[in-house]
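> No sequence on hand, only this structure:
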């Protein structure tokens, strides 16, 4: 069993989603059934189809410290993306060569720095802002918001609105826009996050994408923590088969 000992809340958030996404700067996935992601790369898996893979690679090749040989190889494959930047148009042989180029580049400190900066700006900061908007005050809540940002996109609010719609329907006369105490008419954070997980799970199970349906373990893992009341993540726990040390008190 792998063991992780996060020393800060941000490291904890990064660790939990990293367990789902591979957690390695060199992680590569290329499933023909993944109609939402396509070729994915990096510690939290930027996506070919979402356009984030190309965006990351352009940032890397523009770094002055990037290894020239890697830059040359990556630039060759950048030119083989469609105009929208959402589909690699090379041959099967070129696609295999592209993945080898990514494997070579992932060990470059400049690539690792690029990934850290990219995930911070594109996913983490918007997720934390969104969590604040909805009244989230706990490490577990912020971890869930970041995981949704990574998997569904940083601007996705469907699950949060569905959770509030459910709460308001169950409590006639309320029109909560956040969880309590930010909105005193709203649900407590544990209830809100449980409803978020339920909305997320429903979408997954009803998806036409085999890979997305199979990822239902993500809300399931977070629900175990919610059920156990470990919202501050200060108590150690098992997460997707990994032992996670609690946050320092």
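Alright, I've got the coordinates. Keep in mind it's a predicted model, so treat the numbers as computed, not measured.

> what residues are up against the closest residue to residue 242 other than its chain neighbours?
Closest residue to residue 242 apart from its sequence neighbours, by C-beta to C-beta, 6 or more residues apart in numbering: residue 2 at 4.5 Å. For every residue, glycine as well, the C-beta is placed using N, CA and C. Residue 2 makes contacts with 241-243, as judged by C-beta atoms under 8 Å, 6 or more residues apart in numbering.

> Repeat the analysis, applying 10 Å as the threshold.
19, 23, 239-244 (C-beta atoms under 10 Å, 6 or more residues apart in numbering).

> Please apply the same query to residue 181.
Counting by C-beta under 10 Å, 6+ apart, residue 181 has contacts 135, 137, 188-189.

> For the residue lying farthest from the centre of the chain, give me the pLDDT.
The centre of the chain is farthest from one residue, residue 173, which by C-alpha atoms, centre = their mean lies 34.9 Å away. For residue 173, the pLDDT comes out at 94.

> thinking it is in contact with residue 185, fair?
Yes. With contact defined as C-beta atoms under 10 Å, residue 173 counts as touching residue 185 (8.6 Å).

> Need phi/psi at the residue nearest the centre of the chain.
In the chain, the residue lying closest to the centroid (C-alpha atoms, centre = their mean) is residue 150, at 2.2 Å. The phi/psi pair for residue 150 (degrees, to the nearest 10) reads phi -70, psi -50.

> so what pLDDT did it get?
At residue 150, pLDDT is 94.

> what stretches of the chain score poorly on pLDDT?
32-37 (pLDDT under 70).
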